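In: Sequence and predicted structure, then a few things I'm wondering about:
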Amino acid sequence: MSGQRLGTSDIVAHNQAALTELKRAITLRPNRFSLVLARCNYSRLQQLMVDHLQTYTPLVERSLPAHVTTLLQALTLPADSPPPTALMVTGLEQLQNAAAVFKAANLGRNAFPQALPFPVVLWMSDRTLTILNRHAPDFKSFAAAPIPFEYPPGELIDSLHASANDLFATMLSLGDSSPHPTEAADFQPGSALRTELEFALTDIAQTQATLGSELKASLDFLKGRDAFSRNDLDVARYHFEQSLNYWQKSTPPPAHPPTPLLTPPPPTPRQKQAVLLFYLGATCRSQAILQRVVYDLMLHKAESYFTACLRIFRDLEEPDLVGKFIHALAEVQQKLGAWSALARTAQEGLTLHRQDPIRLARNYGYLAEVALAQDDAATAKTNAERALNILAIAGAVTASASGEPDAESSRSALAMANQYQRGWYLFLLGRVYIAQVQPEAATTLLEAAYTYTDPTTDLPLYRNILQTLQQQYYQQKKYRAAFGVKIKQRQVDTRFKLRAFIGASEIQPQESWRGGGEGSSQALLATEIQSSGRQADVEALTDRLEQARYPLVIIHGPSGVGKSSILYAGLMPALAKSFPEGRSTLAVLVKGYRDWPDEVNQALARALQQLSEADGIPPAAPIDPIDLSDRLKRLTEQSYRQIVLIFDQFEEFFVDAVELTQRRDFYAFLLDCLNTPYLKVVLSLREDYLHHLLEIERGFDLDILNNDILSRDYRYYLGNFKATDAKFLIRRLTDDAHFYLETALIDQLVADLSTSIGEVRPIELQVVGAQLQRQEINTLAEYLDLGSHPKETLVQNFLGTVVDDCGAENADLARLVLYLLTDIDRDSRPYRPQRSREDIEEEIKLRGAVYQSDQLDLVLDILVGSGLVFLLPDIPIDRYQLVHDYLVSYARREPPARLVNKLRRSQVLG
């Protein structure tokens, strides 16, 4: 924290009692290990106290680097160094994984007295003390109560005022780039400065001192930025408006005496008004992007706020600030298609930005947009190339001026432009080549534009690039590439909650769910798990597996309720953040059962590799069940972790293990696992296979399960949605995605989806909902216009969309493959068999269809990528399976003979 400070002597005097207590603790047990906790929430105060203590007694100070993993190792002094009077330890706030460091210290607490025969003082903030209390209670018991060090209240208030002015000054300096998540890092939640500001507010509240209206207004701005950064836009707007109201009523301060040359004056109330108007405009701009139903309305509001912001800077005769914020207005004019206004704004920018090449390039980008809108491809090409050339020249100049004072800021600005604006200029140039009918050149530029664009910075641009690139690939008959881009579109729409439903796809986990830290498991669940309505189930399952009385959990339910998805994208990420009795959890997912010991061993190797404990290891060697059990036991004992073996689609085990002897080997292995502490098992299977588990009771002693494997204590039912729950879920999902449906449509949709007992299958809800959004149907009238069976029409359209992704010349083959992944059993019930590629090829040939091998490659890749078909890796050959029983009847709608005839005709015509 910066600003005016009390003198060191005043701060020392305020903390005299704490200093005396700390000195006594250090001298009480010389030459023996003792642990002293010094509670201090401010880095400057901490350093003042350590420096003061150094003047009285020789101490060794050790500041820990962020990457420390073992506290004892980090504190151990060289063997030849004399023991210090005391060791002062700072830097604990910066540890990348404080929880893991403290857990290790707790486990190895008995080694500290021998390794460190002197007092050790750990300087900690309240936040770090909380982590210590949670993860190292035994280690903490070495110490008495923490000794508190605090600032006087007046110093805290002065510091807050200084920090508030620094915040506004930083925003003015950054201009229209200030909302970017990488800018103003010191003021972001979690930063050292922000943490100290929050501590200061807490400390002031405890002293019952008043903040004052000006400080409250500044804090409103800070809270608004926090809400803005997490897309909580209504809250952000409220705080910005509260802050703006104060500054609009605030009278200009009296003239200050001249400040030192190196100390700029604090921002004026008028400048602060302009900053808040800009942020209100940025909030409306974000609402327009994320809430398409109010797109034009919010863009016009944003335009009004940005215009008012620029008016203040013009009134203050500050052209530099006009130049820093003018592109916010230009961006909104571009989105509104206000081409004449945009041309005027960009021309003004050319004058303002003569000495600012990064912003100068943006003006030419906007002029290229205007030219494209006016069908002037030649002018658009000239302006887009100018923008790229200016960036190239700026890069060369910046590289040659590396030693000059402003080099760092220039380098930072250039990096931002290369990362976030170059993609736009390349996109403009790509659109020029599309207009000039040069598809190959256009595609090359669009591919480059994609690599330079970040959806967190400019989501509409990112989506436009993907959409245009997908169209170009498809028109050039590059169907696999077009489908790959479509998957990226789906992922980004889900990430930013623009998609309400996930279709038939198996949900994937977030990319960042692995790794350490203090994040909650709830925050790490895939967005789609929340969208599927299964978050409460994930939490309940995680809670069970953290309790010793649940060695086994059997997840069961009908096909299509999302059992596989909840395991992979929900339970496994949650378990990665689960610490039963202080142990970390290793989740091992098993999906194949042809050679189950090898499958478990390979899955275990993959899980360990993902933890970087066996980086680059080759595939695990074959192993027998007894050795596998021993390996798992050793892992639980030696690595201080709980292992959870998760067997997905376990009904396949009973299909693959035909012989009783095969099954008995697994049952013996299962019993070994259940009787091993901190080794748990999850079986997930269709409910019509549950009775097979009773076979275990007939041959084994199941005391660990009270000889009742199907007890309700061990089963967890995952079922369909009740109709009322389905209505609530549809409303929540569509509202979150700002895809608003009429209440009458939701009622009719749930009525059509409901079974005879009033339940809704989750898979059907997701498929129908996804197609509803794809066709932009949000009223009952539009739904009924689909015909006498609108639900069935939507499902057929859903399948048709995936077939269309394969390309017109491959569509009939795709439909035939879907048909061949279904069958009728002896009781005339449709089902979905597992078939290898060779099986599919043989079936096609038996029917006399003609196709090319690469056509089948493409069709299978797209069907798998769409989520309609599972690819089941197996040895010696992989197999394919339709994703849900629910889709079998739809895949069998078109007779195969008709499809074969179509294929023959298309090959002849081809």
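Out: Arrived safely.
In: So which helix or strand of the chain has the lowest pLDDT on average?
Out: When each helix and strand of the chain is scored by mean pLDDT, DSSP states H and E, helix 521-524 comes last, with a mean of 37.
In: Let me see the contact set for Ala435.
Out: By Cβ atoms under 8 Å, 6 or more residues apart in numbering, the contact set of Ala435 is 372, 375, 377, 380. From N, CA and C alone the C-beta is placed, and that goes for glycine too.
In: let me redo that: Arg109
Out: Contacts for Arg109 (Cβ under 8 Å, 6+ apart) come out as 136, 138-139, 142.
In: let's see it at 7 Å
Out: Arg109 makes contacts with 138-139, as judged by Cβ atoms under 7 Å, 6 or more residues apart in numbering.
In: Could you check how far it is from Ala143?
Out: Using Cβ to Cβ, to the nearest Å, we find Arg109 at a distance of 11 Å from Ala143.
In: How about Leu729?
Out: Distance of Leu729 to Ala143, given as Cβ to Cβ: 50 Å.
In: now do Arg463
Out: As judged by Cβ to Cβ, Arg463 and Ala143 stand 54 Å apart.
In: Domain ranges for this structure, per the record?
Out: Using automatic domain parsing, the domain ranges for the chain come out as 8-151, 337-420, 521-717, 721-794, 806-909.
In: Do you know the pLDDT at Val322?
Out: Confidence at Val322, expressed as pLDDT, is 96.
In: again with Glu809
Out: Glu809 carries a pLDDT score of 92 in this model.
In: And for the one 10 residues further on?
Out: Tyr819 carries a pLDDT value of 92.
In: now swap in Val888 and tell me
Out: pLDDT, Val888: 88.
In: just for the stretch 401-550 of the chain, where's the confidence low?
Out: For the stretch 401-550 of the chain, the stretches flagged by pLDDT under 70 are 401-413, 416, 505-533.
In: what about the helices in the stretch 751-900 of the chain?
Out: Using DSSP state H, counting those that start in this stretch, the helices of the stretch 751-900 of the chain run over residues 762-774, 780-784, 790-805, 811-820, 837-846, 853-866, 888-891, 896-909.
In: Over to the stretch 351-500 of the chain?
Out: With DSSP H, counting those that start in this stretch as the criterion, the stretch 351-500 of the chain has helices at 357-373, 377-400, 407-420, 422-435, 439-451, 459-475, 479-495.
In: Pull the distance from the fourth one to the chain's centre.
Out: Here helix 422-435 shows a centroid-to-chain-centroid distance of 29 Å under the convention Cα atoms, centre = their mean, to the nearest Å.
In: repeat for the longest one
Out: Using Cα atoms, centre = their mean, the mean C-alpha position of helix 377-400 is found 34 Å from that of the whole chain.
In: Give me the buried positions along that helix.
Out: Neighbour-count burial for helix 377-400, counted by 16 or more other Cβ atoms under 10 Å, picks out 377, 379-381, 383-388, 390-391, 394-395, 398.
In: Same question for stretch 15-34.
Out: Under the neighbour-count criterion of 16+ other Cβ under 10 Å, stretch 15-34 has 15, 18-19, 21-22, 25-26, 34 buried.
In: do stretch 362-379 as well
Out: Applying 16+ other Cβ under 10 Å to stretch 362-379 flags 362-372, 376-377, 379 as buried.
In: Also stretch 422-435?
Out: Applying 16+ other Cβ under 10 Å to stretch 422-435 flags 422-435 as buried.
In: Next: stretch 822-833.
Out: By 16+ other Cβ under 10 Å, the buried positions in stretch 822-833 come out as 822, 832.
In: Now do the end-to-end distance for that stretch.
Out: By Cα to Cα, to the nearest Å, the extent of stretch 822-833 from end to end equals 6 Å.
In: How far does that stretch sit from its chain's centre?
Out: The answer for stretch 822-833 is 41 Å, by Cα atoms, centre = their mean.
In: try stretch 725-735
Out: How far stretch 725-735 lies from its chain's middle: 23 Å, per Cα atoms, centre = their mean.
In: cool, and stretch 71-79?
Out: The chain centre lies 37 Å from the centre of stretch 71-79; the measure is Cα atoms, centre = their mean.
In: how about the helices in the stretch 101-250 of the chain?
Out: Going by DSSP H, counting those that start in this stretch, the stretch 101-250 of the chain shows helices at 112-115, 126-135, 137-140, 153-174, 192-207, 213-229, 233-249.
In: export these to a markdown table and tack on distance to Pro455?
Out: Formatted as a markdown table, the helices of the stretch 101-250 of the chain follow (distance: least, Cβ to Cβ, whole Å):
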| stretch | distance to Pro455 |
| --- | --- |
| helix 112-115 | 48 |
| helix 126-135 | 31 |
| helix 137-140 | 43 |
| helix 153-174 | 21 |
| helix 192-207 | 25 |
| helix 213-229 | 15 |
| helix 233-249 | 17 |
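In: Between those helices, which has the poorest mean confidence score?
Out: helix 192-207 (a mean of 68).
In: so Val538 sits right up against Met572, yeah?
Out: No. Val538 is beyond contact range of Met572, at 9.7 Å (criterion: Cβ atoms under 7 Å).
In: quick one, which of the two is more surrounded?
Out: Ranked by neighbour count (other Cβ atoms under 10 Å), Val538 and Met572 place Val538 first, with 24 against 21.
In: gap between the residue nearest to that one when sequence neighbours are not counted and Asp537?
Out: Distances taken as Cβ to Cβ, 6 or more residues apart in numbering place Gly570 nearest to Val538, at 3.9 Å, with adjacent residues excluded. Distance, Gly570 to Asp537, by Cβ to Cβ: 8 Å.
In: between those two, who's got more neighbours?
Out: Neighbour totals were compared for Gly570 and Asp537, and Gly570 leads with 28 against 21 (other Cβ under 10 Å).
In: Could you list the low-pLDDT ranges of the stretch 751-900 of the chain?
Out: Within the stretch 751-900 of the chain, the segments meeting pLDDT under 70 span 873-876.
In: What residues sit buried inside stretch 306-321?
Out: Those buried within stretch 306-321 under the rule 16+ other Cβ under 10 Å are 306, 309-310, 312-313, 318, 321.
In: Format these as a markdown table; extra columns: distance to Asp825 and secondary structure.
Out: Compiled in a markdown table, those are given as follows (distance: Cβ to Cβ, whole Å; DSSP: H, G, I helix; E, B strand; the rest coil):
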| residue | distance to Asp825 | secondary structure |
| --- | --- | --- |
| Phe306 | 65 | helix |
| Cys309 | 69 | helix |
| Leu310 | 72 | helix |
| Ile312 | 75 | helix |
| Phe313 | 75 | helix |
| Glu318 | 79 | coil |
| Leu321 | 75 | helix |
